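> Provide a 3D model corresponding to the input given below.
(chains A and B)
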Amino acid sequence: MIQKTDRYLYRKPESLMDNTTIYCPGCGHGIIHRIIAEVIDELGVREKTIGIAPVGCAVLAYDYFNFDVTEAAHGRPPAVATGIKRCLPDRIVFTYQGDGDLAAIGTAEIIHAAARGENITVIFVNNGVYGMTKGQMAPTTLLGQRTTTTPKGRDPYQHGFPLKICELLATIEGVYYIERTKIDSIPDIIKTKRAIKKAFTYQIEDKGFSLIEVLSTCPTNWKKTPQESMEWVRREMVSFFPPGVYKDKGATI
Amino acid sequence: MDPGRGMVQKRVILSGCEASAEGAIRAGCKFYAGYPITPQNRFPEYMSERMPEEGGVFIQAESEISAINMVFGAAAAGVRAMTSSSSPGISLKQEGISYLAGCELPAVIINMNRGGPGLGDVTPSQSDYFQSTRGGGHGDYRTITLAPWNVQEIHNLTYLAFILADRYRNPVLVLADGVIAQMMEPVKLLPKEKQIPKKKWALTGCKGRRPNSIKSLFLTPGVLETHNLKIQRKYQKITENEQLYHTYMCDSMDLLVVSFGTCARICFEAITLARAQGIKAGLFRPVTLWPYPSEHLKRIAEKVKKILVVEMNCGQMVEDVKLAVKKDTHIFFYGRPGGGVPTPEEIFKEIKRI
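Residues are numbered from 1 along each chain as shown, chains lettered A, B, ... in the order given. You can find the predicted model right below:
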C-alpha cells in the first residue's frame, strides 16, 4: 500500500506551472527553466520574483514560471529589468535571454545594464542559433557551423566571428559575477544550478550585476538527435566558449 | 529644488521643459528615463535634480530605445513613469510605444518636435502630427496626444497625461516643440497628486495572489483579434470622453482658422491683427490631437464657408479637418515645413487673401 508522505526526493518545483511547454525534444530550455525554478524555490523568493521573457523560443516563459513575468521587445529585457528593479529594489528581478536577443539586437542594453551595475540576474542561453525563426545564424554560431543563412557554414570573411559575451562583459567594472556553464551532463547541470543560485544570492545581497551563460542545445535546428546535440556542446561549443568563472567579485581567495 | 517651495498660490517662472517635468512630478511620476537631444535637454537635467528629491528614479539611458523600455519596466511595476525626447528620438521610441499600447501599459512620452525628416534641425516644428495621432509604430493602436500652446498649459497637460494614461492603461503623448520647450513664462503650479490608483495588474511579486503576466503576444488563433477588438473599444471610449479644444473669437466670424500648439499662438496674433482691420476671423485650437475634437469643430465650422488650416508642417492636420467639417466648406492651408516658423503678419496676409 502506498502511503502519502510530506517528504519528497523529487517533484515539480512550485515555481514551475503545470503546463506543457512548446520546446522540442532535447531542447535545453526545459532543463534551464527547471534549474531557475528550483533555485527560486530554495531561496524562498518566488513571491517576490519578477521575470523578463525575451523574444525567441522562451517568449512564453510566463506560461511556464509560476511567478510574475513580463514580455519585452527583442533585446530589451535588461532595460525593462532596470525599470522594474529601480522601482522595486527589494524584489528579485531576472532576465532570461537567448543569443539573438542578448548578443545581437540587445548588445547595447546588456552592456549598459552591466556598466550601470544594475542589481539584476541575467540568464543567457547560448545555443548558437535563432531557434524560433527556424535556425538562422546567431551572433554565437561557430565558424564553419551550418545554419539556414550560412548554408555552406559560417565563414568569418563573409559572416564575421562569433561573439564571446562572458569574456566581453568581464571587462566591465560594473559587473559583479560572470560564469559560463553547460548542461550536457549531470555534473554540469549541477554546476549550472550552483552558478545560477550564486547569481540570485548575490542579487539578494545587493551585490549587483550577474550573468550566467549556459551553453545549450537546439537539436531541431542543428539537425541532430538530442544525444548528438549534447555531444556537439561537449566537443565543438566548449572549444570556442570555454566554461568557467570569468569574474566573481565575491570570491574568497 | 521644488520650485513651489514656500509659495502659496504665487506663480513661478519656468521654461516649458521645467514646467512639464514639474507637472509630471506633481502628478506622482516616480520614474524618468531619457537620452539627451536638443531642444529638450533641460528636461532630463531638471529631472536628474528633482527625481531623487521626490524619492523617484532618474536614469540617463544609453539610447532612446533603452529609455522607453526602462519606462516599460517601471510602468509594468505599477509606477507612474515617463520619458521625453524630440522627433528623431521619438522615432526610436516607437518600438517601445507600440509594446506599451499592445501590453496596455500607462506611460507618458513628451515630444518637443523639431524639424525633420532625418536629423532635420532643432527649430520648432509640427511635422510629427501624423506620427503622434496615427499610432506611430507598428500595429493598430492609438496614443492620446495632447498639444499645449504655452508653458502653463504644458504643465497642466503633462499632469493630465498621467491621469489619462492610468485611466485607460494606454501611452499618452504630449506634443510640443522647441519654442514651448525653451520659452520661460509664469506658471501657477498644480498641487501634488495624493491618490494614485492601485494597479492590481502590476508586476510586484505574486505574494498572496496568482502570478500576473504582461504581454502583447497572443499565438492562439482568435485571441489576438479579441485583444485588438478590446483595445479598439477602449479607443472608442477615449474618443467619446476625452476631446479637448479651445476657441477664440468664434461667436461672430466669417473665417475660421484651425491651428494647434505654438502655431495656434501665432494665429492668435494674426487674428488680432485681422480683427483690428474689421476682418471677422476666429480660432479653433484642438488641444487633444487624438482623439480629434471633430464634432466640436463641425459644430463651430457650420457658421463659416471658409476654413484656413495653419500648421508648421506641409498640411498633416488638414486631413482631420476635412474629415470633420461639411463637404462644401472651402478649406485652405498655409504651412511652413521643418525649418520654417510663420510670423503673425504672414498668416494675416493669408487671411486677407482668401
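
> does the residue nearest the centre of chain B sit in a helix, a strand or a coil?
Most central in chain B under C-alpha atoms, centre = their mean is residue B:174, positioned 2.1 Å from the mean C-alpha point. Of the three states, residue B:174 takes strand according to DSSP: H, G, I helix; E, B strand; the rest coil.

> Return the residues in contact with it.
Residues near residue B:174 by C-beta atoms under 8 Å, 6 or more residues apart in numbering or on different chains: B:20, B:108-111, B:145-148, B:154, B:157-158, B:161. Where you see a C-beta, it was placed from the backbone N, CA and C, and this is true even at glycine.

> Which one of those residues is nearest to residue B:216?
Using C-beta to C-beta, residue B:109 is the member of these that lies nearest residue B:216, at 17.3 Å.

> Okay, and the closest one sits in which element?
Assigned by DSSP states H and E, residue B:109 falls within strand B:107-113.

> Point out the other helices and strands that the helix or strand just after that strand packs with.
Going down the chain from strand B:107-113, the next helix or strand is helix B:129-133, by DSSP H and E. In terms of contacts (3 or more C-beta pairs under 8 Å, 6 or more residues apart in numbering or on different chains; DSSP states H and E), helix B:129-133 is packed against helix B:87-102, strand B:171-177, strand B:288-290.

> check contacts around residue B:206.
Taking C-beta under 8 Å, 6+ apart as the test, what residue B:206 contacts is A:46, A:47, A:66, A:67, A:68, B:212.

> Tell me the one among the residues you listed nearest to residue B:190.
residue B:212 (31.6 Å).

> How many neighbouring residues does that closest one have?
Neighbourhood size, residue B:212 [other C-beta atoms under 10 Å in any protein chain shown]: 21.

> Could you tell me the model confidence score at the residue of chain B found nearest chain A?
Proximity to chain A, evaluated over chain B using C-beta to the nearest C-beta, is greatest for residue B:73 at 2.3 Å. In the predicted model, residue B:73 carries a pLDDT score of 98.

> Would you mind confirming that it makes contact with residue A:78?
No: the criterion here is C-beta atoms under 8 Å, and residue B:73 misses it with residue A:78 at 9.6 Å.

> Stretch A:96-113: end-to-end distance?
14 Å (C-alpha to C-alpha, to the nearest Å).

> Buried residues, it. List them.
A:96-106, A:108-113 (16 or more other C-beta atoms under 10 Å in any protein chain shown).

> residues in contact with residue B:279?
Counting by C-beta under 8 Å, 6+ apart, residue B:279 has contacts B:254, B:255, B:351, B:352.

> Please disregard the earlier target; I meant residue B:129.
Neighbours of residue B:129 in contact, by C-beta under 8 Å, 6+ apart: B:175, B:289, B:311, B:313, B:316, B:317.

> how about stretch B:105-123 as PDB, C-alpha atoms only?
Output in PDB follows, covering the C-alpha atoms of stretch B:105-123 (Å, rounded to 0.1, in the frame of the first residue of the first chain):
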ATOM      1  CA  LEU B 105       0.700  49.900 -20.000                       C
ATOM      2  CA  PRO B 106       0.300  53.500 -18.900                       C
ATOM      3  CA  ALA B 107       3.200  55.800 -19.600                       C
ATOM      4  CA  VAL B 108       3.800  59.500 -20.700                       C
ATOM      5  CA  ILE B 109       6.000  60.500 -23.600                       C
ATOM      6  CA  ILE B 110       6.900  64.100 -24.200                       C
ATOM      7  CA  ASN B 111       7.900  65.100 -27.800                       C
ATOM      8  CA  MET B 112       9.500  68.500 -28.300                       C
ATOM      9  CA  ASN B 113       9.000  68.300 -32.100                       C
ATOM     10  CA  ARG B 114      12.000  69.500 -34.100                       C
ATOM     11  CA  GLY B 115      12.400  69.900 -37.900                       C
ATOM     12  CA  GLY B 116      12.600  66.700 -39.900                       C
ATOM     13  CA  PRO B 117      12.800  64.400 -41.700                       C
ATOM     14  CA  GLY B 118      16.100  62.700 -40.700                       C
ATOM     15  CA  LEU B 119      18.200  64.800 -38.400                       C
ATOM     16  CA  GLY B 120      16.500  68.000 -39.700                       C
ATOM     17  CA  ASP B 121      17.300  70.800 -37.400                       C
ATOM     18  CA  VAL B 122      16.500  71.900 -33.900                       C
ATOM     19  CA  THR B 123      13.900  74.600 -34.800                       C
END
